[in-house]
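> quick one: sequence plus predicted model below, questions after.
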Amino acid sequence: MRVLFVVRDIYLFERFGIMHISSMLKTHGHEVEIARALTEDLHAKVASFKPHILAYSLTTGFHQYYLDINRDIRKRYDALSVFGGPHPTFFPDIVKEDGVDIVCIGEGELPMLDLADALKSGRPVENIENLIVKTASGIKENPTRPLIENLDALPFPDRDLVYDKSPAFKNMKVKAFFSGRGCPYQCSYCFNHRYNELFRGKGKVIRKRSVDNLLQEIADVKSRYPLEVVRFMDDVFILGGKPWLEEFSKKYKKEVGLPFVCMTRADLIDEDVVKMLKEAGCHSVYMAIEAANDRVRNELLKRNLNKDRMLRSSRLFHEHGIKIVAENILGLPSETIEDMLETLRLNIQYKIDLAIASIFNPYPGTELADFAAEKGYFTGDYDKIDYSFFGDSPLNFTRSQKKKIRNLSSLFNVTVSIPVLFPLVKLLIHLPSNRVFKFIGEIWHGYCLKFRIFPHRMTFKENMRMILLFFKRNEE
């Protein structure tokens with residue numbers, strides 16, 4: 001069968017969900033293509049490829065965009081439309097929308113393979129696990145299957161699917177990898193706790209690839225594409241425990257030998273962990289702070305982290321020469337501007353090398369979104385959520401508050417890097433939101449990534465491409 005994935009475009013990161021499904025389908029004899037709506041004639045692509053399945057991976061904020069695209073394509077072409085990804089997983093009623101035939105819940109490799117195999121053999125598709133199917137007699141909801149436990153059994157993600165569409169993207173020297181799946185934490189703003197509830201009793205939450213399998217994929221990518229820095233995209237890379245990390249540290253240094261960047265959590269950090277990361281070649285880590293105010297961070301966000309622990313972790317990383325990217329959230333329900341400025345001060349205290357300050361979006365399926373709606377901070381209309389983490393707040397702040405939040409988001413990182421700007425920034429955030437602040441924030445973000453976080457040399461052309469990508473990064 002022929003499967004066409006439709007995406008808006010491809011900018012900074014590989015589409016791992018799509019790439020994993022593609023490799024699974026291709027391994028079993030199916031054809032897969034990807035189309036970029038912003039840069040390709042979709043009707044011409046559909047007419048030439050003649051897909052049996054139109055597939056879409058949706059996040060909240062882009063869901064209406066893809067529904068409109070699908071309706072337009074379906075006016076001319078008869079193909080089965082399948083919607084998967086975070087938004088359909090938590091809002092499966094999207095199957096009732098015009099033009100949507102099937103919704104895929106959770107991991108898509110096996111459901112999509114079963115669907116393609118069934119269509120190829122002429123078998124019915126109404127009873128495939130993880131699929132919600134629109135039939136002539138109504139909506140057929142099927143049970144979910146167990147989570148994939150043996151990740152080593154999966155074929156490596158199909159990078160050619162994405163790279164063939166974007167040679168410049170293929171030639172980027174930083175490439176992403178996942179060492180496992182799952183996150184056990186209950187952060188109220190994240191979908192993971194709801195996802196874990198959906199699949200409770202369906203297998204282990206944390207599933208880690210073997211070190212050898214992970215290194216084999218990195219070696220394969222290194223042999224076929226430019227690769228100078230490895231970026232591990234796991235929510236918390238070190239969840240495999242110290243034995244896994246110790247094995248990784250020894251083998252990665254010997255078999256790969258490239259600097260890498262990963263995501264961590266402060267309460268899992270000690271001297272041994274930092275030493276193993278450094279020995280392996282860790283150059284930078286992402287570590288979420290989110291909010292400085294204890295009530296906001298621990299009661300509202302349910303981070304269960306104290307500032308002393310975060311401070312000790314940041315000092316350990318600095319002592320071992322590992323750069324820190326801190327993730328922060330502004331514009332949280334019940335948060336004040338002074339609370340947000342306190343978060344800025346804390347990033348300065350921790351000497352963060354790159355401070356990211358996103359603006360809260362109440363994503364469906366999260367506990368904090370429900371709280372925001374129940375307490376009147378949010379209307380509950382998810383169609384109005386911005387696709388960007390750096391646009392206007394969707395909460396019921398005043399226009400003046402929204403302006404200050406957006407300005408602070410733009411000027412946050414440069415202020416952390418140059419603390420003497422703090423008094424000035426406290427005044428500047430009262431000005432109207434403008435492109436100058438946005439430009440300063442994006443340029444400084446790019447500077448920090450290039451000269452602090454990702455240790456690889458870039459040509460002039462690559463530098464210009466990176467600048468352009470950062471101005472587009474919030475559109476994907």
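Cool, got the structure.
> and the closest residue in space to Cys448 that isn't next to it in sequence, bridged to which residues?
In space, and not counting its chain neighbours, Cys448 is closest to Leu354: 4.1 Å by Cβ to Cβ, 6 or more residues apart in numbering. The C-beta positions use only the backbone N, C-alpha and C, and glycine is treated the same way. Counting by DSSP bridges, Leu354 is bridged to Val325.
> roughly how far apart are Leu354 and Ser284?
8 Å (Cβ to Cβ, to the nearest Å).
> now for these two: what residues contact both?
In terms of Cβ atoms under 8 Å, 6 or more residues apart in numbering, Leu354 and Ser284 are both contacted by the residues Lys323, Ile324, Val325, Arg452, Ile453.
> what's near enough to touch the fourth one?
Applying Cβ under 8 Å, 6+ apart, we find Arg452 in contact with Ser284, Lys323, Asp353, Leu354.
> could those residues go into CSV alongside distance to Phe397, neighbour count and pLDDT?
Output for the contacts of Arg452, formatted as CSV (distance: Cβ to Cβ, whole Å; neighbours: other Cβ atoms under 10 Å; pLDDT from 0 to 100):
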residue, distance to Phe397, neighbour count, pLDDT
Ser284, 33, 23, 98
Lys323, 33, 19, 98
Asp353, 30, 23, 98
Leu354, 26, 22, 98
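> mind putting these in TSV, distance to Lys222 included?
Formatted as TSV, those follow (distance: Cβ to Cβ, whole Å):
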residue	distance to Lys222
Ser284	19
Lys323	23
Asp353	26
Leu354	25
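> gap between the two ends of stretch 105-114?
With Cα to Cα, to the nearest Å applied, stretch 105-114 spans 14 Å between its terminal residues.
> okay, now the unreliable bits of the protein?
Within the chain, the ranges that satisfy pLDDT under 70 run 11-13, 384, 386-387, 458-476.
> now do 80
Within the chain, the ranges that satisfy pLDDT under 80 run 11-13, 168-169, 364-365, 382-388, 456-476.
> what's the domain layout of it?
Per automatic domain parsing, the structural domains of the chain span 2-141, 171-475.
> wait, which of those is closest to Asp164?
domain 2-141 (8.5 Å; Cβ to Cβ).
> can you list contacts of the strand or helix carrying Tyr195?
In the assignment (DSSP states H and E), Tyr195 maps to helix 192-198. The contact list for helix 192-198 (Cβ under 8 Å, 6+ apart) reads 89-90, 105-106, 144, 182-187, 205, 235, 365-367.
> in the stretch 301-450 of the chain, which spans are strands?
Here the stretch 301-450 of the chain has its strands, by DSSP state E, counting those that start in this stretch, at 323-330, 354-359.
> still on that earlier bit, now the helix holding Tyr195, how far from the centre of its chain.
How far helix 192-198 lies from its chain's middle: 16 Å, per Cα atoms, centre = their mean, to the nearest Å.
> tell me how many other residues surround the nearest residue to Pro157 once chain neighbours are set aside.
Closest residue to Pro157 apart from its sequence neighbours, by Cβ to Cβ, 6+ apart: Met19 at 3.6 Å. Met19 has 21 neighbouring residues, counting by other Cβ atoms under 10 Å.
> so how far is Val6 from Met19?
15 Å.
> likewise for Gly441?
31 Å.
> who's more crowded, those two?
Val6 (24 against 21).
> which helix or which strand is home to the more buried one?
strand 2-7.
> for that strand, give me every contacting residue.
15, 18, 21-22, 25, 30-37, 42, 45-46, 49-57, 66, 69-70, 73, 79, 112, 116, 161.
> over to stretch 400-417?
In contact with stretch 400-417 (Cβ under 8 Å, 6+ apart) are residues 326, 328, 330-331, 337, 340-341, 344, 347-348, 352, 354-359, 390-393, 397, 421-422, 425, 428-433, 437-438, 440-441, 444-445, 448.
> contacts for stretch 56-72, please.
Contacts for stretch 56-72 (Cβ under 8 Å, 6+ apart): 5-8, 15, 17-18, 37, 42, 54, 81-88, 91, 94, 97-100, 361, 363-364, 382-383, 385-388.
> just the terminal-to-terminal distance for that stretch.
14 Å.
> likewise for stretch 162-182?
Using Cα to Cα, first and last residues of stretch 162-182 are 24 Å apart.
> now the strands for the stretch 51-200 of the chain?
Going by DSSP E, counting those that start in this stretch, the stretch 51-200 of the chain shows strands at 53-57, 80-84, 102-104, 131-135, 138-141, 174-177, 180-181.
> could I get those strands as JSON lines with distance to Arg123?
Listed next are the strands of the stretch 51-200 of the chain as JSON lines, based on distance: least, Cβ to Cβ, whole Å:
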{"stretch": "strand 53-57", "distance to Arg123": "15"}
{"stretch": "strand 80-84", "distance to Arg123": "14"}
{"stretch": "strand 102-104", "distance to Arg123": "15"}
{"stretch": "strand 131-135", "distance to Arg123": "13"}
{"stretch": "strand 138-141", "distance to Arg123": "15"}
{"stretch": "strand 174-177", "distance to Arg123": "36"}
{"stretch": "strand 180-181", "distance to Arg123": "29"}
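> export the ones you listed to a markdown table and tack on mean neighbour count?
Formatted as a markdown table, these follow (neighbours: other Cβ atoms under 10 Å):
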| stretch | mean neighbour count |
| --- | --- |
| strand 53-57 | 25 |
| strand 80-84 | 24 |
| strand 102-104 | 26 |
| strand 131-135 | 19 |
| strand 138-141 | 12 |
| strand 174-177 | 20 |
| strand 180-181 | 18 |
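> contacts for stretch 312-321 next, please.
So stretch 312-321 is in contact with 264, 266-267, 269-271, 274-275, 277-278, 285, 287, 323-324, 350-352, going by Cβ under 8 Å, 6+ apart.
> make it 6 Å
Ala266, Ile269, Val274, Lys278, Ile324, Tyr350 (Cβ atoms under 6 Å, 6 or more residues apart in numbering).
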